[in-house]
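Q: From the sequence below, what's the structure:
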Amino acid sequence: MAPTTEELLKAQKLIDDIILEKNCGPIFVRLAWHDSGTFDKDVQGEWPAAGGANGSIRFAPEINHGANAGLINAVKLLEPVKEACPNVSYADIFQMSSARAIALAGGPAVDMKYGRLDTTAPEQCPPEGNLPDGNANPETQEFGGAGGTKPTVSKSAEGHLRAVFHRMGLSDEDIVALSGAHTLGRAYKDRSGEGAESTKFTTGPQTRADGSEANYTKGGSSWTTNFLQFDNSYFKIMSDESADPELLKLATDKIIFVDPGFKPFAEKFRDDQDAFFQSYAAAHKKLSELGSKFEPAEGIKL
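A: The predicted model follows:
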């Protein structure tokens, strides 16, 4: 049964309350992206064979894939929303939580639509290996691997990023714009294997976009100094060789200012926040709809 506008607005209010209470917006962005980021535009077969934003990440084995470490916590935080709004799918709740996290952090409003259908069984989970790496494997000096729906292995960060995102049907501009979401959140050793246990930025005070001080769980490494605010500071830091060494710079971050296909977009977004917000909102919308099946087919707008 398709959700009503009233149910979707109720879910949105509940999600906003969770984000503002827990300051957990960044993990909601990661959850939604890892649900949608399994999509392969070249996979044939009936839905949901191609993966994508269909709620399958709530099931084992997918939630236990290496790239999804820690995301079970995000699923649990959103369970009360599903209980209160049973006609709103998990797929919609996950994608809504991501868009609301961006908006509440001061980022652009994403032109979302809802009515996604959920997968219903673990057998509908995609294979492991479709999500991107941040750094090369220290043993093989390669990014990605032979798993997933098609190999993403590459000796170069740019080759790996294109193998992953072009498989979804996304462009170089989309890759750079979506990379800018690293302005939010942190990496943790026990999840991605990247970053430090903590830094001065992840143990000190943080303020939200509304200027209020945020109560948050300490630890991890952030890409930016204000990791609960969405702006273009990520691009300024990635291009600054004198940036504080406690800020995180993965190989797939640094490459956007080196690769000739990525660099013009990275420089544009560094110098023009409005241009970044425009491109980001368009890329986020694309990502949120990959592999989704909507009922009604045109989706529901709020």
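Q: Every contact and neighbour count from this point should use C-alpha atoms.
A: Noted.
Q: now the helices for the protein?
A: With helices called from DSSP state H, the chain shows them at 5-22, 25-36, 72-84, 90-104, 157-168, 172-179, 233-238, 251-254, 263-271, 273-289.
Q: Now the ones you listed in TSV, please, with extra columns for mean neighbour count, distance to Pro122 and mean pLDDT.
A: Below are the helices of the chain laid out as TSV (neighbours: other Cα atoms under 10 Å; distance: least, Cα to Cα, whole Å; pLDDT from 0 to 100):
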stretch	mean neighbour count	distance to Pro122	mean pLDDT
helix 5-22	17	25	98
helix 25-36	25	13	98
helix 72-84	16	15	98
helix 90-104	25	14	98
helix 157-168	22	22	98
helix 172-179	21	28	98
helix 233-238	23	36	98
helix 251-254	19	31	98
helix 263-271	20	38	98
helix 273-289	20	21	98
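Q: now the ones you listed in TSV, with distance to Ala196?
A: Formatted as TSV, the helices of the chain follow (distance: least, Cα to Cα, whole Å):
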stretch	distance to Ala196
helix 5-22	22
helix 25-36	18
helix 72-84	20
helix 90-104	24
helix 157-168	21
helix 172-179	20
helix 233-238	18
helix 251-254	16
helix 263-271	26
helix 273-289	28
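Q: looking at the ones you listed, which is closest to Gly220?
A: Between Gly220 and those, the shortest gap by Cα to Cα is with helix 25-36, which sits at 12.7 Å.
Q: Now tell me what touches that closest one from outside.
A: 19, 51-57, 68, 71, 74-75, 94-95, 97-102, 105, 131, 184-186, 228, 287-291 (Cα atoms under 8 Å, 6 or more residues apart in numbering).
Q: burial measure for Gly211, as a count.
A: Gly211: 9 surrounding residues under other Cα atoms under 10 Å.
Q: quick one, what contacts the residue nearest to Ala281 when sequence neighbours are not counted?
A: Computed as Cα to Cα, 6 or more residues apart in numbering, the closest residue to Ala281 that is not its neighbour in sequence is Val110, at 5.0 Å. With contact set as Cα under 8 Å, 6+ apart, Val110 has these partners: 99, 103, 281-282, 284-285.
Q: Present those residues as JSON lines; the columns should include distance to Gly299.
A: Formatted as JSON lines, the contacts of Val110 follow (distance: Cα to Cα, whole Å):
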{"residue": "Ala99", "distance to Gly299": "16"}
{"residue": "Ala103", "distance to Gly299": "21"}
{"residue": "Ala281", "distance to Gly299": "18"}
{"residue": "Ala282", "distance to Gly299": "17"}
{"residue": "His284", "distance to Gly299": "16"}
{"residue": "Lys285", "distance to Gly299": "13"}
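Q: check contacts around Tyr114.
A: Counting by Cα under 8 Å, 6+ apart, Tyr114 touches 92, 294, 299-301.
Q: how about those residues in JSON lines, adding distance to Phe269?
A: Shown next, in JSON lines, are the contacts of Tyr114 (distance: Cα to Cα, whole Å):
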{"residue": "Asp92", "distance to Phe269": "29"}
{"residue": "Phe294", "distance to Phe269": "32"}
{"residue": "Gly299", "distance to Phe269": "30"}
{"residue": "Ile300", "distance to Phe269": "31"}
{"residue": "Lys301", "distance to Phe269": "28"}
